[in-house]
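1. Provided below are the primary sequence and the corresponding predicted coordinates.
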Amino acid sequence: MLCSRFRPSLLRPASLRLVGTVASRRTDVEKQPELLSASLAFEDPRAFRVKSFWELLRALGVFRLCSFPVLVNNCGKLMSIARTLLGRRGFSLVLRPTVYAQFVAGENESEICRSMEKMSSLGMRPMLAVPIEEDLGQSAGEKRYDDNMEAMLECVRMSHSNAWSKDPMMQLKITALISPELCVRLHRSNCLNNYWEIYSSSLPFNAMIFFFFLSQASVNKVRVLGDAEYTYMNPALSLVTMAMMKKFNQESAWIWNTYQCYLKALRLSRTEPFCLGVKLVRGAYMDKERKLAQQEGRADPVHQSWEDTNDSYNGSLNLMLEAIAEKPEKYRIIIATHNEESVRRATKRSGHLGMDKDGGSVCFGQLLGMCDHVSLTLAQEGYAVYKSVPYGSVDDTLPYLVRRAQENRTVLQGIRKERDLLRREFKRRLGLSGRS
Ligand SMILES: Cc1cc2nc3c(=O)[nH]c(=O)nc-3n(C[C@H](O)[C@H](O)[C@H](O)COP(=O)(O)OP(=O)(O)OC[C@H]3O[C@@H](n4cnc5c(N)ncnc54)[C@H](O)[C@@H]3O)c2cc1C
């Protein structure tokens, strides 16, 4: 299993370092036979033919806005000024058909169903996510956790009862159910071994509600993917997730953990006696991690460059794919990235290892409204691909939308390419280009 340096008890002698040498990984991939379809070059704007004219225009407009650093860096402030000036209703009227519609599925079940049905007709699977963002100092009391719990159970029900996907998954922010303060306390208490025993004996009632939530999800056969957040919370989030894995993942991976490859300390071991579900991401909180480390005079926990993060991602990916090839019933992975090269690498390597495109152990994930050219192409090629789908009111999804805008700044390559392809499809429809 993968684990961070904050959890030394989980590092067994048999554990393997996740990240090998760059040279050995490159040679690995170069040696593989050419197994890829030409469409995995992701150069074909025809992937966007399924989008309406308005959807094309909206995506172009939103990505254009995200290309202005001043807007992106200040979008939180700008949105709250706009909300004050326009009022709640006016603000919602502006945001709903534009930024909100690009990244959020809707507010109520009928809106969400409409978006999801379209998505499944295109071969993509929704992975619902209740976008609750909470950081230290923002906890709003136990009532808030009860409300969140209800929202999460509703998410399980929707994921289970609608036939959108043959293997439903949902994303979970654990800090929506357990306070960030408690996560930090758990981390500081330095008791991160014997996870289930510690978890069940030392956490307050609130945390047992979390256990109840997961039992509901597993009874309904919905896989729950716990998100990774900041390094000061992650060890506790991993502790809780591992405790739950130990309880629920005996036969199959119902609970998954997320591993952020931008972190310098990331390891793989394959010694745990339960099934392991891995959401492999690069990591979303780089700017804040760096700022905090600097303020506190700590070493930066994030790799120095994108290339180092990429090496870590590729190394982790290879090792997980090899683990899956050996024991497909024990390991599962969602390759959660918009990066075309990572996606190509995964398709190539899994093909080389003889895995089915939709065999159940390997799937891909992108966020709703981002890099649809990658998701649509993968789906058309027969791979299992999930879109992370947040939903909720404009007010509830605002912090998520702010993060999405900021993330668009870091996912530079993918977004530039998507914009080019959108433009080409747009021109084709206007009859301005004979191409594609
Ligand atoms: C389905 C799904 C679920 C996700 N869940 C989570 C989650 O639970 N927790 C979480 O943290 N993130 C999550 N993410 C977001 C993810 O971590 C990335 O922020 C996002 O996907 C962009 O990375 P990329 O691989 O798609 O794109 P790329 O463009 O290949 O990479 C961008 C990423 O590289 C890293 N990076 C960029 N510049 C540098 C630098 N100078 N030095 C070091 N590293 C750098 C950053 O992580 C940045 O986000 C999720 C993403 C998806 C698609």
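-> Now that the structure is in, tell me what you want to look at.

2. Relative to Pro45, how far out is the residue positioned nearest the centre of the chain?
-> Residue closest to the mean C-alpha point of the chain, counted by CA atoms, centre = their mean, is Ala336 at 5.5 Å. Distance, Ala336 to Pro45, using CB to CB, to the nearest Å: 24 Å. Bear in mind the C-beta positions are built from the backbone N, C-alpha and C, glycine included.

3. thinking again about what came up before, do you know how far the residue nearest to the centre of the chain is from the ligand?
-> Here the criterion is CB to the nearest ligand atom, to the nearest Å. By it, Ala336 lies 4 Å from the ligand.

4. Tell me if I'm right that that residue and Leu280 touch.
-> Yes - between Ala336 and Leu280 there is a contact at 6.1 Å, judged by CB atoms under 8 Å.

5. list residues touching both of the two?
-> Any residue near both Ala336 and Leu280 by CB atoms under 8 Å, 6 or more residues apart in numbering counts here, and that gives Thr258.

6. Quick check: residues of the stretch 151-300 of the chain near the ligand?
-> Within reach of the ligand by CB under 6 Å from any ligand atom, the stretch 151-300 of the chain has these residues: 227-228, 258, 260, 262, 281-286.

7. beta partners of the closest residue to the ligand within the stretch 1-150 of the chain?
-> Using CB to the nearest ligand atom, the single residue of the stretch 1-150 of the chain nearest to the ligand is Met127, 6.7 Å away. Going by DSSP bridges, Met127 is paired in beta bridges with Met169, Ser388.

8. Can you name the residues that contact it?
-> Listed by CB under 8 Å, 6+ apart, the contact partners of Met127 are 169-171, 225, 365, 386-389.

9. Tell me where the chain is predicted with low confidence.
-> Applying pLDDT under 70 to the predicted model, the residue ranges of the chain that meet it are 1-36, 133-142, 185-208, 267-269, 407-414, 433-436.

10. What ranges does it have for its strands?
-> Using DSSP state E, the strands of the chain run over 2-3, 16-17, 125-129, 169-172, 223-226, 255-260, 267-268, 276-281, 331-336, 362-367, 385-390.

11. Any residue of the last one touching the ligand?
-> Yep, that's strand 385-390 we're talking about. Yes - against the ligand, strand 385-390 shows contacts by CB under 6 Å from any ligand atom at Ser388.

12. all helices of the stretch 51-200 of the chain, in order?
-> For the stretch 51-200 of the chain, applying DSSP state H, counting those that start in this stretch gives helices covering 53-65, 69-73, 75-95, 101-103, 109-121, 141-161, 180-188, 195-202.

13. before we move on, what about the stretch 251-400 of the chain?
-> Under DSSP H, counting those that start in this stretch, the stretch 251-400 of the chain gives helices at 286-295, 306-326, 340-352, 372-380, 394-410.

14. so what's Pro97 up against?
-> Taking CB under 8 Å, 6+ apart, we find Pro97 in contact with Arg58.

15. From the ligand, how far out is the residue lying closest to Leu214 once chain neighbours are set aside?
-> Among residues not flanking Leu214 along the chain, Met244 sits closest, at 5.4 Å (CB to CB, 6 or more residues apart in numbering). To the ligand, Met244 is 16 Å away according to CB to the nearest ligand atom.
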